[in-house]
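> Need coordinates for the below:
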Amino acid sequence: MNGNDIRATVHRGFPLLLAAAFLPAPMRLAAADALAVDTSHWVCKFCPFEEGHSASVELGAGYLSDDSFKFGEYTGLTDQGGFVVANAAARYRKGDGSWFDLALSDLGIDSRSFRAQGGRQGRYRLSLGYQELPHNIADTGRTPFLGVGTAALTLPSSWIPATTTGSMSSLTASLHGIELQTRRRAVDFGGDLTSVVNWEFAARFRHETKTGTLATAGTFVFNSAQLGMPVDYDTNQMDLSAAYSGSRLQARLAYYGSIFSNDDEALTWANPYVPLAAGAGLGRRALAPGNQFHQLVASAGFKLGQRTHATANIAFGRMTQDEAFLPYTVNSSLTTQPLPRSSLGGQVNTLSGRLNLTSAVTDRLRVNAAFNYDDRDNRTPQALYEWVTTDVNMALPRTNLPYSSTHSVARLDGGFALTRDLRVDAGCDYDQYRRDLQEVNRTRETSCWARATARAGNRADIMLKGAHAERTISNYTANPEIVSPENPLLRKYNMADRDRDTGGLRLDLTLGAGISAGLEASVSRDDYRNSVIGLLYSRSLVVAADAGFSLSANTSATLYLSHEQIESNQANAELLPGASLWFASNKDSTDTAGAGVKHHAGDKLDLGADYTFARSNGEISIRSATLGFPDLTSRLNSVRLHATFRPQKRLPLRLAYWYEDYSSRDWTVDGVTPATIPNVLSLGQGSPSYHLSVVTLSGRYEF
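Below you'll find the model as predicted:
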């Protein structure tokens with residue numbers, strides 16, 4: 001029985017109830033019989049409590065038709081050949097509330113995971129998990145450096161340094177492949193304990209390692225080389241909390257901690273070029289230093305009345321970094337002063353707070369007020385440091401700048417139901433940002449928005465929204481610490497006067513039995529009205545449509561289309577007397593489309609098919625330049641077919657086929673070999689492209 005049925009029963013029965021109050025007992029019994037409701041169809045789907053156990057094991061095999069790092073970017077399916085399909089799950093429930101869940105996923109590939117959790121409902125919960133996440137970036141690069149994956153890169157004994165890459169006579173013979181990839185391995189465990197006095201306690205711990213090789217670069221003045229940087233990270237995270245929940249008050253006190261360490265403090269590499277100065281045959285750069293973050297959080301929610309609720313939280317945090325400094329340089333021919341400190345002694349204190357008040361003033365009017373505050377207080381000591389440029393030259397000493405900032409936002413919004421089918425919401429925000437030691441000391445932004453939602457019977461729902469924001473800045477002063485000096489006309493986009501307008505539409509339609517459709521569109525425009533050099537404007541457009549079809553009782557289909565376009569224009573100039581402006585514009589567009597169909601052919605067979613198409617194009621235009629840039633493009637076609645056959649009720653067999661064709665073009669890497677750029681020894685990576693198929697056959701036994 002739905003809500004309309006219940007209301008109709010009450011309306012019909014109210015006169016009988018009123019009359020029955022004044023009738024004699026026999027007549028009251030007759031009236032009660034007239035009010036009797038047939039409850040035989042009132043089925044509670046969630047009333048029977050699940051008890052007992054169930055489990056399933058899925059085993060099978062798959063085959064990948066070709067090699068592709070891009071295809072297996074996050075799954076590990078990168079190599080042509082066979083692989084194992086292996087999944088398992090188990091579930092247990094007992095009448096006293098005891099429960100247990102187990103899930104093992106993708107055990108045959110590199111993105112495998114494991115999760116076990118259980119406990120007693122309303123009393124406690126324990127969990128244990130493990131996950132691997134690969135990130136395969138590229139395998140087409142080539143390098144002459146030996147020791148890739150370690151913190152010391154050397155060159156072959158036969159290497160002959162040269163002034164340009166084109167004149168490196170031993171380069172071709174020394175090149176070998178390099179794979180850029182990382183792998184995360186994480187284990188976590190924790191538990192929750194719920195007491196009988198409205199308290200709940202929780203503790204969670206997570207240990208993660210990340211290993212692999214990423215791309216970086218090393219420079220000797222104007223000559224540089226792309227390098228393989230080792231990754232050997234450890235991160236430990238801890239969450240502890242205690243929470244109270246009462247009839248009017250909910251409160252929580254929590255601690256969060258994160259400790260990061262890097263097994264490699266620096267990367268050294270041999271100079272492949274003829275040294276530009278004495279002792280410049282070796283370069284060194286620091287890698288990510290170990291650091292810690294600790295935070296205490298207190299939050300509370302309080303019911304002020306039947307219609308008003310307040311929430312608040314405050315968090316105190318501290319970030320520290322105290323790794324020992326490396327010497328200024330590995331070049332022993334350069335004379336430097338002693339370091340002013342043995343380590344940075346970096347410390348940043350954070351304070352954040354949230355206050356929110358929500359009130360349903362009437363059944364038709366709702367009002368929200370909120371205030372957010374975030375403060376970053378950088379207390380890292382300042383000191384004067386020697387400045388060695390790329391292990392070759394000495395420059396003027398510099399002082400480190402401890403950047404700090406304060407960000408606050410005040411919000412007020414509300415919603416009013418004009419009619420049963422028409423609702424209006426509106427609000428305004430006031431946003432203020434204060435920064436230390438940067439070009440702009442303060443930015444202020446005021447934004448207001450409105451949204452109307454309407455329903456036309458059971459056929460259509462429509463939503464319209466719009467917003468306008470204005471950001472103003474204090475005086476813009478070029479940062480004197482930047483070398484070479486900034487152009488005084490430059491305005492960084494996040495610290496510039498800006499007007500922003502946005503709008504959106506969403507329409508949902510029920511076109512008939514089994515047919516529904518939706519249309520969504522949004523636009524935005526940013527105008528940096530006072531910028532002379534920097535970003536001048538940007539605009540975006542997104543249009544999307546989707547539809548669902550119930551073709552029959554056993555067959556359904558879906559369809560979607562979308563188009564997104566982002567454009568921007570910026571002005572640039574050299575910091576030279578009489579230098580004229582030149583302009584660059586970007587236009588990025590993305591189109592996607594997809595369709596799917598599912599068919600249930602009785603109890604034995606299910607069929608399905610999905611198709612996905614995606615295309616992107618990036619245009620970069622330079623006005624006043626004699627040559628432009630080629631477009632950046634990518635295209636994807638993907639087809640998936642699957643069938644599930646059940647020879648027995650507890651033994652479904654699944655056959656799946658996946659074909660995917662991907663191509664891309666990027667002029668920044670395509671055709672750029674290690675020796676293409678005279679003063680850049682590159683890895684020679686190209687844009688990824690592939691066309692391949694995946695076939696899997698597996699069976700799942702349920703018991």
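
> contacting residues around stretch 330-347?
For stretch 330-347, contacts defined as Cβ atoms under 8 Å, 6 or more residues apart in numbering pick out 268, 277-280, 282-284, 289, 291, 318-325, 327-329, 378-381, 383-386, 388, 391-392, 394, 400. All C-beta atoms are positioned from the backbone trio N, CA, C, and that covers glycine.

> same question for the helix or strand where residue 593 lies, mean pLDDT?
Assigned by DSSP states H and E, residue 593 falls within strand 582-601. Averaging pLDDT along strand 582-601 yields 95.

> And for stretch 67-86?
The model assigns stretch 67-86 a mean pLDDT of 95.

> swap in stretch 378-398?
93.

> Report the buried residues of that stretch.
By 16 or more other Cβ atoms under 10 Å, the buried positions in stretch 378-398 come out as 378, 380, 385-386, 388, 390-392.

> Pick out whichever of those sits closest to residue 545.
residue 378 (48.2 Å; Cβ to Cβ).

> My guess is that closest one contacts residue 348. True?
Yes - here residue 378 lies in contact with residue 348, judged by Cβ atoms under 8 Å, at a distance of 5.0 Å.

> All the helices of this structure, in order from the start?
3-20, 25-35, 171-174 (DSSP state H).

> is residue 324 in a bridge, and if so with what?
residue 343 (DSSP bridges).

> Please tell me how far it sits from residue 343.
To residue 343, residue 324 is 5 Å away according to Cβ to Cβ, to the nearest Å.

> Buried residues, stretch 199-213. List them.
Buried residues in stretch 199-213 (16+ other Cβ under 10 Å): 202, 204, 206, 208, 210-213.

> for the protein, where's the lowest mean pLDDT among helices and strands?
helix 3-20 (a mean of 38; mean pLDDT, DSSP states H and E).

> what's stretch 601-613 in contact with?
With Cβ under 8 Å, 6+ apart, stretch 601-613 has contacts from 554, 591-600, 636-647, 649.

> Grab the CA positions of it and hand them over as CSV.
The C-alpha coordinates for stretch 601-613 follow below in CSV (Å, rounded to 0.1, in the frame of the first residue of the first chain):
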residue,chain,number,x,y,z
ALA,A,601,16.1,-14.8,-21.7
GLY,A,602,14.4,-16.9,-19.1
ASP,A,603,16.0,-18.3,-16.0
LYS,A,604,18.9,-19.8,-17.9
LEU,A,605,20.4,-17.0,-19.9
ASP,A,606,21.2,-13.2,-19.6
LEU,A,607,22.7,-11.2,-22.4
GLY,A,608,24.1,-7.7,-22.5
ALA,A,609,26.0,-5.3,-24.8
ASP,A,610,27.5,-1.9,-24.2
TYR,A,611,29.2,0.6,-26.6
THR,A,612,31.2,3.7,-25.6
PHE,A,613,32.6,6.4,-27.8
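
> buried stuff in that stretch?
Across stretch 601-613, burial judged by 16+ other Cβ under 10 Å covers 606-612.

> Let's see which of those end up in strands.
Of the buried residues of stretch 601-613, the ones assigned to strands by DSSP state E are 606-612.

> Now pLDDT too, for those, in CSV please.
Putting these into CSV (pLDDT from 0 to 100) gives the following:
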residue, pLDDT
606, 95
607, 96
608, 96
609, 97
610, 98
611, 98
612, 98
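
> Can you tell me which of those residues is closest to residue 450?
Taking those together and measuring to residue 450 by Cβ to Cβ, the closest member is residue 612, at 35.8 Å.

> just the strands in the stretch 401-550 of the chain please.
405-419, 422-435, 442-456, 460-473, 490-491, 498-512, 515-527, 533-552 (DSSP state E, counting those that start in this stretch).

> Run me through the strand neighbours of the fourth one, direction for each.
Okay, so that is strand 460-473. strand 442-456 (antiparallel), strand 498-512 (antiparallel).

> Select, out of those, the one closest to residue 106.
strand 498-512 (35.7 Å).

> Let me see the mean pLDDT of the closest one.
95.

> Take it, keep the C-alpha atoms, and write them as PDB.
In PDB, the C-alpha atoms belonging to strand 498-512 read as follows (Å, rounded to 0.1, in the frame of the first residue of the first chain):
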ATOM      1  CA  ARG A 498      37.100  38.500 -11.700                       C
ATOM      2  CA  ASP A 499      33.400  38.300 -12.600                       C
ATOM      3  CA  ARG A 500      31.800  34.900 -12.900                       C
ATOM      4  CA  ASP A 501      28.400  34.000 -14.300                       C
ATOM      5  CA  THR A 502      27.000  30.400 -14.400                       C
ATOM      6  CA  GLY A 503      23.700  28.900 -15.400                       C
ATOM      7  CA  GLY A 504      22.100  25.500 -15.700                       C
ATOM      8  CA  LEU A 505      19.100  23.500 -16.800                       C
ATOM      9  CA  ARG A 506      17.900  20.000 -16.000                       C
ATOM     10  CA  LEU A 507      14.800  18.400 -17.600                       C
ATOM     11  CA  ASP A 508      13.600  14.900 -16.800                       C
ATOM     12  CA  LEU A 509      10.700  13.500 -18.900                       C
ATOM     13  CA  THR A 510       8.500  10.400 -18.800                       C
ATOM     14  CA  LEU A 511       7.500  10.100 -22.400                       C
ATOM     15  CA  GLY A 512       5.300   7.000 -22.000                       C
END
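
> right, and residue 101 touches residue 117 too?
Yes - between residue 101 and residue 117 a contact is recorded at 5.4 Å, counting by Cβ under 8 Å.

> coming back round to it: what two of the ones in strands among the buried residues of stretch 601-613 are the furthest from one another?
Put simply, by Cβ to Cβ the two of these set farthest apart are 606 and 612, 20.3 Å from each other.
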